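Engineer: below is the sequence, then the predicted model.
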Amino acid sequence: MFFIFSKVFAFLLQPSNWIFFLLLVGFFAKGPKWKSYGYKGAVWVFLVFTNPLILHIGLSVWEIRPISPKDIPAEVKTGIVLGGYYRQSTDMTFDRFNLNERPNRLINGLELLNAGVVNKLILSGGNGSIIQDAIPESLLIDDLLDTWCWPDSVTIPEPNSRNTFENIIFSKAVMEENGLQGPVVLITSAFHMRRSLAICRKQGLEVIPYPTDLIQEKLHWTPNTWLFPDAKALSTWNILIKELVGLAIYKLRGYA
């Protein structure tokens, strides 16, 4: 039930949905006062959450900066790659693997493996959909790595987790089952790292954060980077608010 509630709650708190609901208020409201509130509210939410400068400030506070592989201590030999980089919602008519817009979680993990920084990767990710019965993400990625001729001995799929909390606790269980010692390298997107780290601390899992997929871009003082609305900024706020709300809910539940 908590899994379903968290998904629905995060959906309702997306700014794009606020705009939609406010427009509905403006359209269906009986009196001119509420119509004005609805339409003006939608305009203000749009202007705030499509402003690139406001987004830049939010990301600079929230995202954890990436580190160099050289900053990872030599005794750390295991990495955990958190799921969320495979797209199963599209209708693929051919037998092809379909990574989404966050493939660097996997790519950067494989780079560490290839460079000998770590010698084992735990691929954490099951089926995170509440309506779709799908093959666990980590098993699909394990198949992908087989086609790339990576030996099975260097990766361990963890196919049961459906959210970030389960990513961490099930990965910790995999470590215990395979005799792997911490600390470990935690590999996930920069926007996702704070919530993940909070769970690790709560669970007593010592990790070295290795953020990927940094969204924040260098700020150039041209109108398109601080003044003109950017539709991409709205979708990024959807992600950022989901993380903020997710962390708050996890703290209330005692998960983080």
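Structural biologist: That came through, no problem. Residues are numbered from 1 along each chain as shown.

Engineer: now do the SS call for the spatially most central residue of the chain.
Structural biologist: Among the residues of the chain, the one closest to the centroid is residue 192, at 4.5 Å (CA atoms, centre = their mean). Three-state call for residue 192 (DSSP: H, G, I helix; E, B strand; the rest coil): helix.

Engineer: show me which residues of stretch 48-63 are buried.
Structural biologist: 49-52, 55-56, 58-59, 62-63 (16 or more other CB atoms under 10 Å). Quick note: C-beta positions are derived from backbone N, CA and C, even for glycine.

Engineer: looking at these, which is nearest residue 99?
Structural biologist: Nearest to residue 99 out of the buried residues of stretch 48-63 is residue 63 (CB to CB; 21.0 Å).

Engineer: excluding its backbone neighbours, what's nearest the closest one?
Structural biologist: Leaving aside its sequence neighbours, residue 63 sits nearest to residue 190 (CB to CB, 6 or more residues apart in numbering; 4.1 Å).

Engineer: just give me the neighbour total for that neighbour.
Structural biologist: 21 (other CB atoms under 10 Å).

Engineer: you'd agree it is up against residue 213?
Structural biologist: Yes: applying CB atoms under 8 Å as the test, residue 190 and residue 213 come out as touching, 6.2 Å apart.

Engineer: residues making contact with stretch 66-81?
Structural biologist: Around stretch 66-81, the neighbours that count as contacts under CB atoms under 8 Å, 6 or more residues apart in numbering are 105-106, 109, 111-113, 115, 117-124, 167, 171, 175, 180-188, 190, 207-212, 214.

Engineer: the helix or strand harbouring residue 57 - contacts with which helices or strands?
Structural biologist: For residue 57, the host element (DSSP states H and E) is helix 52-62. Contact here means 3 or more CB pairs under 8 Å, 6 or more residues apart in numbering; DSSP states H and E; on that basis helix 52-62 packs against helix 223-226, helix 231-253.

Engineer: what's the model's confidence in the longest one, averaged?
Structural biologist: Spelled out, that is helix 231-253. In this model, helix 231-253 has a mean pLDDT of 91.

Engineer: buried residues in that helix?
Structural biologist: 233-234, 236-243, 245-247, 249-250.

Engineer: may I see the buried residues of stretch 48-63 organised as JSON lines, with pLDDT added?
Structural biologist: Converted to JSON lines, the buried residues of stretch 48-63 look like this (pLDDT from 0 to 100):
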{"residue": "49", "pLDDT": "95"}
{"residue": "50", "pLDDT": "94"}
{"residue": "51", "pLDDT": "93"}
{"residue": "52", "pLDDT": "91"}
{"residue": "55", "pLDDT": "94"}
{"residue": "56", "pLDDT": "93"}
{"residue": "58", "pLDDT": "94"}
{"residue": "59", "pLDDT": "95"}
{"residue": "62", "pLDDT": "96"}
{"residue": "63", "pLDDT": "96"}
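
Engineer: low-confidence stretches in the stretch 1-150 of the chain?
Structural biologist: Scanning the stretch 1-150 of the chain with the threshold set as pLDDT under 70 gives 1-7, 89-95, 128-133.

Engineer: thanks a lot, catch you later.
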